[in-house]
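[1] mind looking at a prediction? Sequence and model below.
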There are 2 protein chains.
Amino acid sequence: MPFLLLIEDDDAIRTGLELALTRQGHRVAAAASGEDGLKLFKEQRPDLIVLDVMLPGIDGFEVCRRIRRTDQLPIILLTARSDDIDVVVGLESGADDYVVKPVQPRVLDARIRAVLRRGERENSDSSAYGSVVIDRSAMTVTKDGEDLQLTPTELRLLLELSRRPGQALSRQQLLRLVWEHDYLGDSRLVDACVQRLRAKVEDVPSAPTLIRTVRGVGYRLDPPA
Amino acid sequence: MPFLLLIEDDDAIRTGLELALTRQGHRVAAAASGEDGLKLFKEQRPDLIVLDVMLPGIDGFEVCRRIRRTDQLPIILLTARSDDIDVVVGLESGADDYVVKPVQPRVLDARIRAVLRRGERENSDSSAYGSVVIDRSAMTVTKDGEDLQLTPTELRLLLELSRRPGQALSRQQLLRLVWEHDYLGDSRLVDACVQRLRAKVEDVPSAPTLIRTVRGVGYRLDPPA
DNA sequence: GCCGACTGTCACAGGGCTGTCACAGCCACC
DNA sequence: GGTGGCTGTGACAGCCCTGTGACAGTCGGC
């Protein structure tokens, strides 16, 4: 049974979600502030954290960053504002997913299960996307059983994308993850690498089904149907 | 029935994993610190160790190194941080596998069984890679039945590679495993030894099929098809 | 349908990575 | 002390990778 920590200052929402998530088969601990949340996190070591962004005192982003300094457990951000700024800041502070309030408990539940499943897959050595199989320990990628000769950068790009299947990653994020650069002027660096990767990985590179473009954001690796 | 030693300081995680692993048919001993773990290891001689990295006092890497000085039993590292640094340091300190927390018990169970299976194969006195046969008890390597006169370093390199067939090992890792050095400047040490080994082992040294180069990473011994 | 913004594509030059080799120190063994 | 084999080093060359910038193509909003 997954053990969740819910950090949310609004009493009504917190109590409601706590009840709903418990009913859906999770074990739930709850905190009403960032400080309490961090304390509870250290004491109880949950499997996953659901974290409100707007908190009195330490805000959600900061809580997220502090946890990320030492731990890698999944974090889902809960935000009342749906604008893209929050999403980007949130993901960059290390969250795995975000959900916009008001949220239906079963939507949140679905996200929770998805993120936990993703974690399980990451722990496995190889993952398959259609005919493409990524073997993390051999550091090889095969398609229909044949070895794809990926270059180091292409491989790193694919590995980072595959760590977050279904999640859109901005060029900025990819630049940080794959190239360890901070600033991407308006160069086509990421696009060019994606193009090269597609040429090797996709059946029809001009109509990609694995590595999808998310217009205005970046790219996303689609999980198998 | 496999006998495991679990070394983990967090009471909740330790108890939880102990219970889960017992249910999955393992016999489990548990320790809450590196010191206790080493003591228990010497007393009880488990088949495999599951070892947390972040421990008070002696940390997991150090525990791993100390055990490796005398013993070759499989060790699985448990780490909260998923960044590559830890993974690399972990494998260099002699671990056989690592798992990122939070971990689902059945994922850990799968890893344990995989590592044990691999161990069985390794402990068998000889393994064959195509026409090349490694005889561990005689410490000889033959090709098409003829004895290959490998030098000590070449032999150690081949043995380390063959401990993890199909897994890419970085130059850094190989340096630690084979030479017990810490720093590889930009010397060609590993490459040179690989070259010499290939000259003796491969059919066509310029087109190696056994010891493959993993560009940007290092080398990998390909298991027979 | 038009326009602007965004993305795909490509060729090229520079550079990083690896394979290769000769050589010198070192060690063990005579 | 001599000898021979083993090993690490550094230089070098070649190849492949990679980032860039220009341009074309595409998408979405109006």
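    Great, that's in hand.
[2] now the residue of chain A found nearest chain B: how far from DNA strand D?
    Of all residues in chain A, A:Pro152 sits closest to chain B, at 2.8 Å by Cβ to the nearest Cβ. The way it works is simple: take the backbone N, C-alpha and C, and place the C-beta from them, glycine included. Counting by Cβ to the nearest atom of the strand, to the nearest Å, the gap from A:Pro152 to DNA strand D is 4 Å.
[3] what of A:Lys42?
    Between A:Lys42 and DNA strand D the distance, using Cβ to the nearest atom of the strand, works out to 39 Å.
[4] output the lowest mean pLDDT helix or strand found in chain A.
    Within chain A, no helix or strand scores below helix A:84-92, which has a mean of 58 by mean pLDDT, DSSP states H and E.
[5] over to the closest residue to the residue of chain A closest to chain B other than its chain neighbours: give its phi and psi.
    The shortest distance from A:Pro152 to any residue that is not its chain neighbour, by Cβ to Cβ, 6 or more residues apart in numbering or on different chains, is 2.8 Å, and that residue is B:Gly216. B:Gly216 has phi and psi values of phi 80, psi -10 when expressed as degrees, to the nearest 10.
[6] count the residues that sit near the residue lying closest to A:Pro46 once chain neighbours are set aside.
    Here the nearest residue to A:Pro46 in space, its sequence neighbours aside, is A:Leu5; by Cβ to Cβ, 6+ apart that works out to 4.0 Å. A:Leu5 has 25 neighbouring residues, counting by other Cβ atoms under 10 Å in any protein chain shown.
[7] so A:Arg111 touches A:Val100, yeah?
    No: at 11.0 Å, A:Arg111 and A:Val100 do not qualify as touching, with contact defined as Cβ atoms under 8 Å.
[8] so between those two, which is more surrounded?
    Under the criterion of other Cβ under 10 Å, the comparison of A:Arg111 against A:Val100 puts A:Arg111 first, with 19 against 15.
[9] check what pLDDT that one gets.
    The per-residue pLDDT reported for A:Arg111 equals 86.
[10] pull the residues that contact the helix or strand hosting it.
    The secondary structure element spanning A:Arg111 is helix A:105-122 (assigned by DSSP states H and E). The list of residues contacting helix A:105-122 from outside it, by Cβ atoms under 8 Å, 6 or more residues apart in numbering or on different chains, reads A:2, A:4, A:16-17, A:20-21, A:24, A:26, A:47-48, A:50, A:74, A:76, A:96-97, A:99, A:127, A:163-166, B:82, B:100, B:102, B:104, B:107.
[11] where does A:Tyr219 land in three-state SS?
    The three-state label for A:Tyr219, taken from DSSP: H, G, I helix; E, B strand; the rest coil, comes out as strand.
[12] near DNA strand D, which residues of chain A show up?
    Within chain A, the positions lying close to DNA strand D (Cβ under 7 Å from any atom of the strand) are A:149, A:151-154, A:179, A:185, A:187-189, A:192-193, A:196, A:215.
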